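In: I'd like to go over a predicted model; first the sequence, then the structure.
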Amino acid sequence: MKCPQLDRPTLLEARDLTRLYGPGKGCEGIDFALRSGEVLGIVGESGSGKSTLLRTLCGMEAPDAGRVVYHAHEGELDLYAIGEARRRALLRMEWGLVHQNPRDGLRLGVSAGANIGERLMALGERHYGQLRAAGQDWMGRVELDPGRIDDAPQHFSGGMQQRLQIARTLVTRPRLVFMDEPTGGLDVSVQARLLDMLRTLVRELGLSVVLVTHDLAVARLLADRLMVMRRGRVVEAGLTDQILDDPQHAYTQLLVSSVLTP
Amino acid sequence: MNGYNFAYLDEQTKRMIRRGLLKAVAIPGYQVPFGGREMPMPYGWGTGGMQLTASILGEEDVLKVIDQGADDTTNAVSIRAFFERVAGVETTTATADANVIQTRHRIPETPLAAGQILVFQVPIPEPLRFIEPSEEETRMMHALEEYGVMHVKLYEDIARHGHIATTYAYPVKVDGRYVTDPSPIPKFDNPKLHMSEALMLFGAGREKRLYAIPPHTRVESLDFEDHPFEIQEWDAPCALCGARDSFLDEVITDDRGGRMFVCSDTDYCQNRQEEVA
């Protein structure tokens, strides 16, 4: 597997980030730096605080303490010190968010083409022909039939909806993408093809990704680096292969040994 | 009339609504909440417009009320009769003679002049509502000018019908800032909103919102570069007055497929017929 280039500039930093709903519920004292072009996996069991951390990182939930720092083109931005307007603009233009459930990320009532075009329209694209061309292009890229551009996603299968959500997020070429269990709820063969596609897109577009998953196989395939969370804290962090092949912390050892192999 | 304050509403309520109207005029297209009062008719019949009319009406004013362009339909007749009784103001059907025109679904064909006020009855004031059910979220979207979703609807129209099929309540951008629902007027009337001489006030009774388009304000209808905004056209002129520049209603004349197209603005049509005669 390709090693991440560690001399790349830092894109996103969490500094002593804490968001607790109660003692041990949420995430606590998280510190990390995500470099440009890197895929960071966050793994852990249900309730370990992975999703809370992701929500805090992507601007959806203000932390109790600590800071999220994004290195934008114009300089460092403290995510929760800048205004709501700037934060949402950031989420709209430079970031992308892929939800676990595609229904949360898609507009089910409007056609696939409109779903893909929405972010472009939000950025000011006002040419129908170009929007449509972009829609067809991206449907091809995520291995959907471009002939179904006018179908509503509610008539798509779960795997197709997830592909559409990915197309809709990546169409504006964000620098940073957050993914919350992108393959959750899909059967294994669909999962495998989706992962393959994701890996290609990530490499092709040079995306930086924060990936939350409970599935170590997904993490192994996509992530350059891993953080293992338990009860809201990071118990182990390092290169993916290093952590999965030679886990040091007792909990990581348990996690790795719990993976089912058919 | 005894037992009622002038124009039905009490003075405090009228002042409250007028304060709201001042704010609405100051921020064109922005929806101002107001404490809507119970009116002696059901929501959806024009309670919002009536409250606005009641608060701006003076004893010297001349009132005209239209419903789908017509002066003689139930809604128009009863609202006109209502203000005759509770305010004792003079009423008219002539567009040019009126100071205040309350309207549902149309802007009169006769160009409005400075000093006239057009009051719209609005069912759903929020143009973003069809795609975003949360009021909190739509307010945020207005505040941050996140209007991308408005074009999603137009995109969807073209994808399904080959052209923008929205024909009424066609969304506009007022003064380059707020996306606004011009109430369910046909898109034929949208160009009349732009740089109008008259003040236009919009009242939604159920939703308790009011907004305004002041005179000489830019109003653009949203569209795509390759699918520009267009208004409806008819093949034939009005069957009664021969007008080619007015909005036509289809009238079924018998049960064997007979039909005719006539002006929806009855005052305009009548004037033209008299001119010809």
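Out: Received it, and whenever you're ready, just let me know what you need. All values derive from a computational prediction rather than experimental measurement.
In: for chain A, what spans make up the helices?
Out: With DSSP state H, the ranges of helices along chain A come out as A:50-57, A:84-93, A:102-105, A:112-122, A:128-141, A:158-170, A:188-205, A:216-222, A:240-245, A:250-257.
In: Chain B: helices as residue ranges?
Out: Taking DSSP H as the criterion, chain B carries its helices at B:11-26, B:47-56, B:74-87, B:135-143, B:148-161, B:190-193, B:266-276.
In: Counting by contacts, list what the third one packs against.
Out: This points to helix B:74-87. Applying 3 or more Cβ pairs under 8 Å, 6 or more residues apart in numbering or on different chains; DSSP states H and E, one finds that helix B:74-87 contacts helix B:47-56, strand B:62-67, strand B:90-91, strand B:100-104. Bear in mind the C-beta positions are built from the backbone N, C-alpha and C, glycine included.
In: thinking again about what came up before, need the winner for burial among the helices of chain B.
Out: Ranked by average neighbour count under the criterion mean count of other Cβ atoms under 10 Å in any protein chain shown, the helices of chain B are headed by helix B:47-56 at a mean of 26.
In: before we move on, the earlier item: so for residue A:88, which of the helices and strands packed on helix B:74-87 sits nearest?
Out: helix B:47-56 (31.1 Å; Cβ to Cβ).
In: Please save the CA atoms from that closest one in CSV.
Out: Backbone C-alpha positions of helix B:47-56 (Å, rounded to 0.1, in the frame of the first residue of the first chain) are rendered in CSV as follows:
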residue,chain,number,x,y,z
THR,B,47,-57.3,37.4,5.9
GLY,B,48,-53.6,38.5,5.5
GLY,B,49,-54.4,41.0,2.7
MET,B,50,-57.4,42.3,4.6
GLN,B,51,-55.4,43.0,7.7
LEU,B,52,-52.9,45.0,5.6
THR,B,53,-55.7,46.8,3.8
ALA,B,54,-57.4,47.6,7.1
SER,B,55,-54.2,49.1,8.6
ILE,B,56,-53.4,51.3,5.7
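In: now it: how far from the chain's centre is it?
Out: The chain centroid and the centroid of helix B:47-56 are separated by 13 Å under Cα atoms, centre = their mean, to the nearest Å.
In: on contacts alone, who are the packing partners of that helix?
Out: Judged by 3+ Cβ pairs under 8 Å, 6+ apart, helix B:47-56 is in contact with helix B:11-26, helix B:74-87, strand B:100-104, strand B:117-121, strand B:199-204, strand B:209-213.
In: Let's see that with 7 Å instead.
Out: For helix B:47-56, the packing partners by 3 or more Cβ pairs under 7 Å, 6 or more residues apart in numbering or on different chains; DSSP states H and E come out as helix B:11-26, strand B:100-104, strand B:117-121, strand B:199-204.
In: Now stretch B:28-38: average pLDDT?
Out: Stretch B:28-38 shows a mean pLDDT of 95.
In: typo on my end, stretch B:111-129
Out: Confidence over stretch B:111-129, taken as the mean pLDDT, stands at 95.
In: That stretch spans what distance, first to last residue?
Out: Across its full length, stretch B:111-129 reaches 31 Å end to end, with Cα to Cα, to the nearest Å as the criterion.
In: ok now the longest strand along chain A, how far from the chain's centre?
Out: In chain A, ranked by residue count with DSSP state E as the criterion, the top strand is strand A:10-22. Computed by Cα atoms, centre = their mean, the separation of strand A:10-22 from the middle of its chain amounts to 16 Å.
In: which secondary structure elements does it contact?
Out: In terms of contact count using 3+ Cβ pairs under 7 Å, 6+ apart, strand A:10-22 is assigned the packing partners strand A:25-35, helix A:50-57, strand A:65-72.
In: What number of residues are in the vicinity of whichever residue of chain A sits closest to chain B?
Out: When Cβ to the nearest Cβ is the measure, chain A has its nearest residue to chain B at residue A:122, with 2.8 Å between them. Burial of residue A:122, expressed as a neighbour count using other Cβ atoms under 10 Å in any protein chain shown, amounts to 19.
In: Thought residue A:92 was touching it, still the case?
Out: Yes: between residue A:122 and residue A:92 a contact is recorded at 5.6 Å, counting by Cβ atoms under 7 Å.
In: Grab the nearest non-local neighbour of residue A:15.
Out: Leaving out its chain neighbours, the residue that sits closest to residue A:15 by Cβ to Cβ, 6 or more residues apart in numbering or on different chains is residue A:67, at 4.7 Å.
In: Burial check on the one you found, number of neighbours?
Out: 14.
In: cool, and residue B:236?
Out: The tally of other residues near residue B:236 (other Cβ under 10 Å) stands at 10.
In: same check, this time on residue A:197
Out: The criterion is other Cβ under 10 Å. On that basis, residue A:197 has 15 neighbouring residues.
In: again, but for residue A:108
Out: As a burial measure, residue A:108 scores 13 neighbours (other Cβ under 10 Å).
In: Those residues of the stretch 51-200 of chain A touching chain B, which are they?
Out: For the stretch 51-200 of chain A, the residues in contact with chain B (Cβ under 7 Å from any Cβ of the partner chain) are A:85, A:88, A:110-111, A:113-114, A:117-118, A:121-122, A:126-129, A:131, A:150.
In: do that again at 6 Å, thanks
Out: A:85, A:88, A:110-111, A:113-114, A:117-118, A:121-122, A:126-129, A:150 (Cβ under 6 Å from any Cβ of the partner chain).
In: just for the chain, where's the confidence low?
Out: Here I'm looking at chain A. When the per-residue scores of chain A are filtered using pLDDT under 70, the ranges that remain are A:1-6, A:262.
In: wrong chain, I was asking about chain B
Out: B:1-2.
In: Return the set of residues that bridge with residue B:121.
Out: In this entry, residue B:121 is beta-bridged to residue B:203, by DSSP bridges.
In: List the contacts of it.
Out: The neighbours of residue B:121, taking Cβ atoms under 6 Å, 6 or more residues apart in numbering or on different chains as the test, are B:46, B:48-49, B:104.
In: What's the local residue count around residue 181?
Out: Going with chain A. One way to gauge burial is a neighbour count; for residue A:181, by other Cβ under 10 Å, it gives 20.
In: sorry, should have said chain B
Out: Under the neighbour criterion other Cβ under 10 Å, residue B:181 is assigned a count of 25.
In: do the same with residue A:79
Out: Number of residues near residue A:79 (other Cβ under 10 Å) recorded here: 22.
In: For it, grab phi and psi.
Out: Note on residue A:79: its backbone torsions stand at phi -50, psi -40 [degrees, to the nearest 10].
In: What parts of the stretch 151-277 of chain B come near chain A?
Out: B:151-152, B:155-156, B:158-159, B:224-227.
In: can you redo those as a markdown table with distance to residue B:274?
Out: What follows is these, written out as a markdown table (distance: Cβ to Cβ, whole Å):
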| residue | distance to residue B:274 |
| --- | --- |
| B:151 | 45 |
| B:152 | 47 |
| B:155 | 46 |
| B:156 | 45 |
| B:158 | 43 |
| B:159 | 47 |
| B:224 | 43 |
| B:225 | 44 |
| B:226 | 44 |
| B:227 | 41 |
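In: Now residue A:172: closest residue in space, sequence neighbours ignored.
Out: Excluding its sequence neighbours, the residue lying closest to residue A:172 (Cβ to Cβ, 6+ apart) is residue A:119, at 4.7 Å.
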